[in-house]
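> Give the three-dimensional model of this entry:
(one chain, ligands or ions: 1)
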Amino acid sequence: MKLFKIKFVIGCLILLMASPLAAQEHVENQHADDAKMAWWREAKFGMFVHWGVYSATGGEFRGKMPTNSAEWMMNKAQIPIADYKVENVDKFNPTQFNAKTFVGLAKEAGMKYLVITAKHHDGFAMFHSTSSPYNVVDATPFKRDVMKELAEACQEQGIRFGFYYSQCQDWHHPGGMGNGWDKTIKRVSFDEYVQEKAAPEIKQLLTEYGPIAIFWWDTPRDMSKEAFDSLHSSTNLQPGIITNDRLGKEYRGDHKTFERHIPRKGPVGADWEVCMPISGSWGYKKSDRDFKSIETLIRNLVDIASKGGNYLLNVSPTGEGTLLPQATERLKAMGQWMKVNSESIYGSTASPFGKLDWGRCTKKEFANGSTLYLHVFDWPKDGKLLVPGLNNKVEQAYLMDGWQALETSSADAGVTVSLPAEAPDKIASVVVVKVHGKLDISTVLPKPTKDGSLVLLADMAYLHNNEGSEQLSLLEGRRGGDSYLSRWTDAEAWVEWSFTIDRPGSYDVSAELSLQGKKSRFRMGLPGQLQTVEVASTRRARDYAEKSIGTIEIDKAGEYTLQIKPEKGEWQPMNLRKVVLKLK
Ligand code: FHN
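A predicted model of the protein is given here:
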């Protein structure tokens with residue numbers, strides 16, 4: 001053990017000396033090097049690939065389908081190493097795999113980078129590991145280094161290539177984390193796993209597979225600083241490599257990761273990416289029918305880009321080495337949409353607007369003007385598309401698909417674009433609006449209708465919360481239902497809505513909420529005039545009810561904010577769909 005530490009320290013020193021930037025890179029810098037991130041920010045859209053020996057049986061083990069995603073089958077079914085070898089490793093022979101075709105599909109979809117599982121939690125190396133015979137060349141009938149083939153195909157087709165590597169969990173190596181079920185394992189220390197396997201494998205991946213653009217860590221766990229440093233320092237072997245935020249909390253990496261869900265707002269001042277499977281499981285799972293619709297996938301790409309993030313969409317090659325037709329069909333359809341509209345995605349930045357009722361916006365800013373890409377999901381029946389609060393002079397407006405010129409008119413409310421009766425694309429039609437000068441946009445706040453009522457929906461609220469944390473999330477109802485505030489477990493988290501009132505008076509406030517269990521107490525009202533409110537249980541989380549929660553006095557027309565803050569100690573998490581103000 002002592003010898004190991006000495007070796008580590010020497011190893012790290014050599015690497016650190018070899019790369020003067022290494023020490024500097026340790027200095028956490030949320031704003032990664034712009035030059036390094038330029039291609040990634042331009043790319044916006046990548047392919048994630050979960051492929052391993054679990055794919056050989058579609059996640060099934062001896063006729064049973066373990067729960068969770070297929071790549072977790074060894075864990076969920078508590079499969080001993082010996083049995084996993086017989087049932088999965090020995091059967092892995094993807095004879096239909098063709099790297100050129102596979103990468104061509106990513107390219108056809110409009111994806112600019114590809115990240116693939118070199119080693120997942122099961123410890124199996126999908127490359128010709130020189131540190132462990134537990135790999136695709138030495139241990140399977142297939143005997144081919146699929147990572148090498150993919151790396152070459154990506155290089156030939158101009159797709160940036162990266163590896164996913166599960167650095168802590170390893171259910172095969174006796175020092176890896178996570179295998180608590182196989183009692184035949186003769187345990188060694190985690191540091192020995194890092195020294196014998198993880199560190200040398202990562203170094204091999206970063207020196208023998210050509211240019212590696214991305215290294216994607218996963219499921220961080222505590223480990224010694226030496227272990228962290230020996231893993232992290234290997235990334236210096238690929239100048240300009242981009243890493244994510246999952247090596248460990250001391251290493252923020254170059255971008256944040258969100259998984260399976262799209263944040264309501266992108267984290268400010270940071271690069272970020274949403275990864276999600278095209279279906280339900282990351283790895284190929286025979287029973288997985290949960291393919292997202294083409295509409296959902298395209299609108300996800302647009303939604304993420306409109307918030308300033310990247311979309312890493314996962315596919316799951318089968319035991320034959322191909323994708324299911326459902327996946328191929330979706331990738332091709334996304335490619336068709338990108339063929340017409342990719343200008344509105346590649347190199348775009350986040351929308352300058354608040355919530356848009358009809359869709360999303362991305363933008364590109366230049367020295368003397370900006371281009372706005374209006375992604376219209378809901379084509380206005382009256383042919384009038386309002387861009388709320390836009391004060392700039394419009395120089396040009398046209399449909400992305402076919403370049404048909406469009407008329408625009410400006411008013412206090414913003415710019416209205418006159419559209420043809422038919423939307424060019426029923427999923428997302430792009431209207432291009434070029435404006436002069438620096439963007440000048442007024443915040444347009446919701447205001448009461450003629451009858452004096454104002455509906456403040458959950459997705460109009462501003463969440464005071466640790467962005468991306470599990471607490472207090474804005475969730476979309478299933479199948480596109482109403483959004484609602486949920487998982488409000490953190491009594492420190494609170495919400496507020498901003499709005500305009502043109503008629504002073506007393507406004508009754510009600511809320512459509514659900515509360516399971518006991519009563520809950522919170523404070524509600526205008527800033528500095530919060531009143532304590534207590535609501536009784538509605539019995540179950542899915543039982544919503546409209547509850548009166550008080551009255552607020554508005555003494556003059558203007559802009560206001562309504563706040564709801566949990567009463568610490570008396571708070572029970574509730575779900576909230578909307579708040580309604582009604583002039584008395
Ligand atoms: O446990 C893994 C899971 O299998 C999958 O690889 C995802 C992809 O981001 N990461 C972990 C779960 O967060």
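> in the stretch 51-200 of the chain, what residue is nearest the ligand?
Taking Cβ to the nearest ligand atom as the measure, the stretch 51-200 of the chain has residue 71 as its residue closest to the ligand, at 4.8 Å. Quick note: C-beta positions are derived from backbone N, CA and C, even for glycine.
> that's a helix at that residue, yeah?
Yes - under DSSP: H, G, I helix; E, B strand; the rest coil, residue 71 falls within a helix.
> what's near enough to touch the closest residue to it other than its chain neighbours?
Once flanking residues are discounted, residue 71 sits nearest to residue 283: 3.7 Å by Cβ to Cβ, 6 or more residues apart in numbering. Residue 283 is in contact with 50, 51, 52, 54, 55, 59, 69, 70, 71, 120, 316, counting by Cβ atoms under 8 Å, 6 or more residues apart in numbering.
> Could you check how far residue 200 is from residue 223?
To residue 223, residue 200 is 16 Å away according to Cβ to Cβ, to the nearest Å.
> still on that earlier bit, surely the residue nearest to residue 71 is within a strand?
No - under three-state DSSP, residue 283 falls outside any strand and is assigned coil.
> Against residue 59, how distant is it?
Distance of residue 283 to residue 59, given as Cβ to Cβ: 6 Å.
> Residue 352 now?
As judged by Cβ to Cβ, residue 352 and residue 59 stand 44 Å apart.
> Give me the more crowded residue out of these two.
Applying other Cβ atoms under 10 Å to residue 352 and residue 59 shows that residue 59 carries more neighbours, namely 27 against 16.
> That one reaches residue 284, doesn't it?
Yes - shown here, residue 59 and residue 284 form a contact pair, counting by Cβ atoms under 8 Å, at 6.9 Å.
> which residues do the two both contact?
By Cβ under 8 Å, 6+ apart, residue 59 and residue 284 have these common neighbours: residue 70.
> quick one on the thing from earlier: of residue 200 and residue 223, who's got more company?
Just comparing residue 200 and residue 223: by other Cβ under 10 Å the higher neighbour count belongs to residue 223, 20 against 17.
> Nearest residue to the more buried one in space, please, no chain neighbours.
residue 190 is the one closest to residue 223 (Cβ to Cβ, 6+ apart), at 6.2 Å.
> so what's the one you found up against?
Residue 190 neighbours (Cβ under 8 Å, 6+ apart): 168, 175, 176, 177, 223, 224, 227.
> Check what pLDDT it gets.
Note on residue 190: pLDDT of 96.
> tell me the phi and psi of it?
Main-chain torsions, residue 190, degrees, to the nearest 10: phi -60, psi -40.
> cool, the one 10 residues further on as well?
Phi and psi for residue 200, reported as degrees, to the nearest 10, are phi -70, psi -30.
> for residue 75, same thing?
With angles defined as degrees, to the nearest 10, residue 75 sits at phi -80, psi -50.
> My guess is it contacts residue 121. True?
Yes - if you go by Cβ under 8 Å, residue 75 and residue 121 touch, sitting 7.0 Å apart.
> Looking at those two, which is more packed in?
The neighbour comparison of residue 75 against residue 121 (other Cβ under 10 Å) goes to residue 121, with 24 against 18.
> who touches that one in this structure?
Residue 121 neighbours (Cβ under 8 Å, 6+ apart): 71, 72, 74, 75, 166, 169, 170, 171, 178, 219.
> just to revisit the earlier point, who wins on neighbours among the contacts of residue 283?
Within the contacts of residue 283, residue 54 tops the neighbour count with 36 neighbours, counted by other Cβ under 10 Å.
> now that one, what's its secondary structure?
From three-state DSSP, the assignment for residue 54 is helix.
> Please apply the same query to residue 563.
Secondary structure, three-state DSSP: residue 563 is strand.
> Quickly note the distance from it to residue 75.
Taken as Cβ to Cβ, the spacing of residue 563 relative to residue 75 amounts to 44 Å.
> For residue 439, grab the count of nearby residues.
Other residues near residue 439 number 15, with proximity taken as other Cβ under 10 Å.
> That one is in contact with residue 365, isn't it?
Yes - counting by Cβ under 8 Å, residue 439 does reach residue 365; the two are 6.9 Å apart.
> if I look at those two, which residues touch both of them?
Common contact partners of residue 439 and residue 365 (Cβ under 8 Å, 6+ apart): none.
> Now do the contacts for the spatially most central residue of the chain.
By Cα atoms, centre = their mean, the chain has its centre lying nearest to residue 274, at 1.4 Å. Neighbour list for residue 274: 257, 258, 259, 261, 262, 263, 300, 304, 309, 310, 311, 312 [criterion: Cβ under 8 Å, 6+ apart].
> do that again at 10 Å, thanks
Going by Cβ atoms under 10 Å, 6 or more residues apart in numbering, residue 274 touches 256-263, 266, 300-301, 303-304, 307, 309-313.
> same thing with residue 570?
With contacts defined as Cβ under 10 Å, 6+ apart, residue 570 is in contact with 491, 518, 519, 520, 521, 522, 532, 534.
> Ok, residue 389 next?
The neighbours of residue 389, taking Cβ under 10 Å, 6+ apart as the test, are 352-354, 412-415, 440-445.
> hmm, try it at 7 Å
By Cβ atoms under 7 Å, 6 or more residues apart in numbering, residue 389 lies in contact with 353, 414, 441, 442, 443, 444.
> List only those of these flagged as buried.
Neighbour counting over the contacts of residue 389 (16 or more other Cβ atoms under 10 Å) leaves 353, 414, 441, 444 as the buried ones.
> Just the ones of those residues in strands?
Among the buried ones among the contacts of residue 389, the members found in strands (DSSP state E) are residue 414.
> Out of the buried ones among the contacts of residue 389, which comes closest to residue 383?
Nearest to residue 383 out of those is residue 414 (Cβ to Cβ; 16.2 Å).
> Dig out what that closest one forms beta bridges with.
Counting by DSSP bridges, residue 414 is bridged to residue 388, residue 411.
> wait, what's in contact with it?
Contacts of residue 414 (Cβ under 7 Å, 6+ apart): 386, 387, 388, 389, 390, 444.
> please redo it, this time with the cut-off set to 8 Å
Neighbouring residues of residue 414 by Cβ under 8 Å, 6+ apart: 386, 387, 388, 389, 390, 391, 442, 444.
> Chain neighbours aside, what residue packs nearest to the second one?
Pointing back at residue 387 there. Excluding the flanking residues, the one nearest residue 387 by Cβ to Cβ, 6+ apart is residue 415, at 4.5 Å.
> pLDDT wise, what is the one you found at?
In this model, residue 415 carries a pLDDT of 98.
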